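Engineer: okay, predicted coordinates and the sequence, questions at the end:
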Amino acid sequence: MAAEGVSTTDIPGVDPTKPSIARTYDYLLGGKDNYEVDRALADHFIKDLPGSQAIAHDNRGVLVRAVREIVVNTPVRQFIDMGSGLPTSDNVHQVAQRHAPESRVVYVDNDPVVLAHGRALLAENENTTVFQADLRKPEAIYESPDTHALIDFEQPVAIILSAILHHLNDDEDPAALVRYWYDRIPSGSYVFISHFRSENDPRSAHMQEVLQSSLGRGRWRTDEQITALFGDLTLLPPGLVPAAEWRPTEPRHELTVWERLIAAGLAVKP
């Protein structure tokens, strides 16, 4: 949901001629903070690949369930959501603070639109902040005063990597990024990852081609490749599975071919 009083066209540093991951995702979820170039990219999936929009909705659903699982069934009350995207319904802080109002959430994204809308939305929430940074430079996120204002790295923390690592190409080494955080969070911390899932099928290959040609990034990875991203973390049941099958709250149904193309897992640091 857009923050009242913030106009996308008034935000410096925004190039309306180039699609944005955050704004495209916003449009897929029914948001309004996007440009024609973002809608054109999203519409390719919606119109030319009918059913693929389920990937965005399944990802949002599993994120909500994972955050709820952490805050209800563990003592963790602090979260870092990297590549958080534009504010929509049931953001991490809304889910966590609904169950534990003292929960603290740091949002990080490299899109200036996210920064502007997030700051407006969170202005009166002292346990939540958002700042602009590049996921690929984790030391800047870790060392940021904004992070340390809310996060105590002596206590367990949940690292949220929701639908973001698949936007790192192989040469950007997403596994090294996870290792960076593994080395800096204490035992009992959690890492949530959702990721485009390839079954070496033509649909995921075509979608990867679309993202690479428009954004210059986007990788559908196999279950084995995604599981490897967790490194030395301990994957919790049910392991890495299609997002719709990760601890569902509704009766399970047979997945569509599109719902099989995004996977999720939650892991804990021993």
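Structural biologist: Done, it's in.

Engineer: and Trp181, how many neighbours?
Structural biologist: Other residues within reach of Trp181 by the criterion other CB atoms under 10 Å amount to 21. C-beta: built from backbone N, CA, C; applies to glycine.

Engineer: doesn't it lie inside a helix?
Structural biologist: Yes. Note on Trp181: a helix contains this position according to DSSP: H, G, I helix; E, B strand; the rest coil.

Engineer: how close does it sit to Arg65?
Structural biologist: When CB to CB, to the nearest Å is applied, the distance between Trp181 and Arg65 equals 21 Å.

Engineer: for stretch 185-197, what is the average pLDDT?
Structural biologist: Stretch 185-197 comes out with an average pLDDT of 97.

Engineer: report the buried residues of it.
Structural biologist: Across stretch 185-197, burial judged by 16 or more other CB atoms under 10 Å covers Ile185, Ser189, Tyr190, Val191, Phe192, Ile193, Ser194, His195, Phe196, Arg197.

Engineer: what comes into contact with stretch 141-158?
Structural biologist: Residues from elsewhere that reach stretch 141-158, judged by CB atoms under 8 Å, 6 or more residues apart in numbering: 67, 70, 74-76, 78-80, 82, 104-106, 108, 127-129, 131, 133, 135, 180-181, 184-192.

Engineer: over to stretch 231-251?
Structural biologist: Where contact means CB under 8 Å, 6+ apart, the residues beyond stretch 231-251 that reach it are 58-59, 61-62, 65-66, 69, 175, 178-179, 182, 191, 194, 197, 223, 226-227, 230, 252, 255, 259-260, 262-270.

Engineer: what is the longest helix seen in the chain packed up against?
Structural biologist: Ordering each helix of the chain by length in residues (DSSP state H) puts helix 54-73 first. In terms of contacts (3 or more CB pairs under 8 Å, 6 or more residues apart in numbering; DSSP states H and E), helix 54-73 is packed against helix 92-99, strand 158-162, strand 190-196, strand 262-268.

Engineer: redo those as JSON lines? Include distance to Asn169.
Structural biologist: Rendered in JSON lines, the data for these read as follows (distance: least, CB to CB, whole Å):
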{"stretch": "helix 92-99", "distance to Asn169": "26"}
{"stretch": "strand 158-162", "distance to Asn169": "16"}
{"stretch": "strand 190-196", "distance to Asn169": "13"}
{"stretch": "strand 262-268", "distance to Asn169": "18"}
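
Engineer: nearest to Ala116, out of these?
Structural biologist: Distance to Ala116, taken as CB to CB, is lowest for helix 92-99 among these, at 17.2 Å.
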